[in-house]
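Visitor: mind folding the following:
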Amino acid sequence: MGTMKILNLYSGIGGNRTLWGDEHEITAIEINSDIASEYKYKFPNDEVIQTDSHQFLLHNYQNYDFIWSSPPCPSHSRLCYSQKEKRYAEMSLYQQIILLKSWFKGKYAIENVIPYYEYLIEPNVMIGRHPYWTNFKVQPLKLKNIDVSRSSKEELSEYLGMPIPRINGALLLRNSVEPKVGKHILDCALSIKNQEEVEQIGLFKQE
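Guide: Modelled structure (predicted):
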């Protein structure tokens, strides 16, 4: 497996990136300076750029081999039913899907929440409570059920296998993609088979 150039948009504190290792050249985009600092503290070898992910993607997508994006989800969430004041759904999600599906030559994964409306573009796969739009096959992945909204930062830290952030610990952990999901999707993008599958094939291979 060779080194890839990876773009990690809306990186947060890097939940999805936690198990990616250090063999790839990773650029993280995060607009919040405190969160960007927390990411850099965790992943000092990554390039961290504090800017708007949506605009950065538009002007730089062609420079990467793999792109991960987690656009803002609150305006799509079913929690909107409980909000008295309604607002427009943030369309950067679908803009990015269309852009990458139409023009990007590498592989991509875009993550969001189950929306309160019918999907405008159907996702390729569901993992846990999150839909993913990808241009490669993602194998099923079973996750442990946990009530993220009610878990303490200590419980979240243990479940995710991530240290408690120095700032806004519980909130940032709740907003993090599960590390095992991030690794699973990257492995699928790279067409990595698990060792058991490789050994099974070897048993029946004829020289």
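
Visitor: please state the backbone phi and psi of Y61?
Guide: Taking degrees, to the nearest 10, you get phi -60, psi -30 for the backbone angles of Y61.

Visitor: what does I98 give?
Guide: Here is the backbone geometry of I98 (degrees, to the nearest 10): phi -60, psi -40.

Visitor: what's around it, how many residues?
Guide: Look at I98: counted by other C-beta atoms under 10 Å, it has 12 neighbours. All C-beta spots, glycine's among them, are computed from the backbone N, C-alpha and C.

Visitor: for it, which non-adjacent residue is closest in space?
Guide: Distance criterion C-beta to C-beta, 6 or more residues apart in numbering; nearest residue to I98, sequence neighbours excluded, is I121 at 7.6 Å.

Visitor: for that neighbour, what are its contacts?
Guide: I121 makes contact with 94, 97-98, 133, according to C-beta atoms under 8 Å, 6 or more residues apart in numbering.

Visitor: could you measure from it over to S75?
Guide: Between I121 and S75 the computed distance is 16 Å (C-beta to C-beta, to the nearest Å).

Visitor: next one: L9
Guide: Applying C-beta to C-beta, the value for L9 to S75 is 17 Å.

Visitor: with R174 instead?
Guide: Distance check for R174 against S75: by C-beta to C-beta, it reads 18 Å.

Visitor: of these two, who's got more company?
Guide: Neighbour count, other C-beta under 10 Å: between R174 and S75, S75 has more, with 20 against 15.

Visitor: check the more buried one and give its pLDDT.
Guide: S75 is assigned 92 on the pLDDT scale.

Visitor: that one against A89, yeah?
Guide: Yes: if you go by C-beta atoms under 8 Å, S75 and A89 touch, sitting 4.8 Å apart.
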